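> structure of the sequence below:
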Amino acid sequence: MNKWKIIAPLGALAAAGAAAALLLKKKDEPAPKASAGTKKSAPREVQMKTGEYSFVSGFKDARTVEVKLDYDALRFGFDVIGEDFLCFSSDSHVAVISGEDFSMQMEYASFYKGEDFALIGEAAQKKYAHYAPVSFASLEGFRYREGDGVCFCLPVDEYSYLLLTLLRAEGCDQTIEELAGGEELRELLDSIRISFKE
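From the prediction side, this is the model:
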């Protein structure tokens, strides 16, 4: 009998036995642990604070407007300043919210005689690129692109509105439009509350 006819089936049997042993060994081994990339991330630590910005609105029947905004103090700073504004303002003081990716200046703007919020919205739609209506919680306004920033206008009363100018931080890898439509900014602006003191 040819010796190869005997050796070949023995080799096949040995290979099959090795494969079976390997399968049995794999069943006994514990499942591999999840890689670091698939682990659930720990909840992000937050330190919520409320920033407040106030101004006088109106003339004969003037009243104080208080604007409050909630922010995470571990991610943002909040200051009311009277100089060194982020962008030009004729107001005596503005609020500034600053974070890693963007900063935003909040100021009050008064209507000229005969103006109202609807009228300035129509004018902005004709004048500025990237005009779009926006809504944050109970506030409905509009935004537009001006220079390097995006401006948000939100109504206050028949005399005033809020003008918020969003500016991208140097080194941020997002565009200003992405920041303007981003979740971080929405969280801030959704928290705005406006109240009045006579």
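
> what count of nearby residues applies to the closest residue in space to residue 91 that isn't next to it in sequence?
Distances taken as CB to CB, 6 or more residues apart in numbering put residue 107 closest to residue 91, at 4.8 Å, once the chain neighbours are dropped. C-beta: built from backbone N, CA, C; applies to glycine. Neighbourhood size, residue 107 [other CB atoms under 10 Å]: 21.

> confidence score at residue 107?
For residue 107, the pLDDT comes out at 97.

> packing partners of the helix or strand containing it?
Here residue 107 is covered by strand 102-110, with elements defined by DSSP states H and E. Strand 102-110 is packed against strand 48-57, strand 63-72, strand 94-99, strand 160-168, helix 183-190, with contacts defined by 3 or more CB pairs under 8 Å, 6 or more residues apart in numbering; DSSP states H and E.

> I'd like the ones you listed as TSV, with mean pLDDT, mean neighbour count and distance to residue 86 appended.
As requested, the helices and strands packed on strand 102-110 are exported to TSV (pLDDT from 0 to 100; neighbours: other CB atoms under 10 Å; distance: least, CB to CB, whole Å):
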stretch	mean pLDDT	mean neighbour count	distance to residue 86
strand 48-57	96	16	14
strand 63-72	97	17	16
strand 94-99	97	20	6
strand 160-168	97	21	6
helix 183-190	96	17	15
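
> dump the ones you listed to CSV, plus distance to residue 79.
Converted to CSV, those look like this (distance: least, CB to CB, whole Å):
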stretch, distance to residue 79
strand 48-57, 8
strand 63-72, 11
strand 94-99, 5
strand 160-168, 15
helix 183-190, 14
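
> tell me which of the ones you listed sits nearest to residue 122.
Of all the helices and strands packed on strand 102-110, it is strand 160-168 that lies closest to residue 122, at 13.8 Å by CB to CB.

> so in that sheet, which strands flank the closest one, and in what orientation?
Using DSSP bridges, strand 160-168 pairs in its sheet with strand 102-110 (antiparallel), strand 149-155 (antiparallel).

> touching that strand from outside, list them.
Residues from elsewhere that reach strand 160-168 (CB atoms under 8 Å, 6 or more residues apart in numbering): 55, 57-58, 65, 67, 86-87, 101-111, 117, 120, 141, 146, 148-156, 174-176, 179-180, 185, 189, 192, 194.

> change it to 7 Å
57, 65, 67, 86-87, 102-111, 117, 148-156, 176, 179-180, 185 (CB atoms under 7 Å, 6 or more residues apart in numbering).

> try stretch 93-105
51, 53, 71, 75-82, 85-87, 106-107, 164-169, 172, 174, 179, 188.

> now it: how far from the chain's centre is it?
Remark: stretch 93-105 is offset 13 Å from the chain centroid, using CA atoms, centre = their mean, to the nearest Å.

> just the terminal-to-terminal distance for that stretch.
From the first residue to the last, stretch 93-105 extends over 10 Å; the measure is CA to CA, to the nearest Å.

> noted, bye for now.
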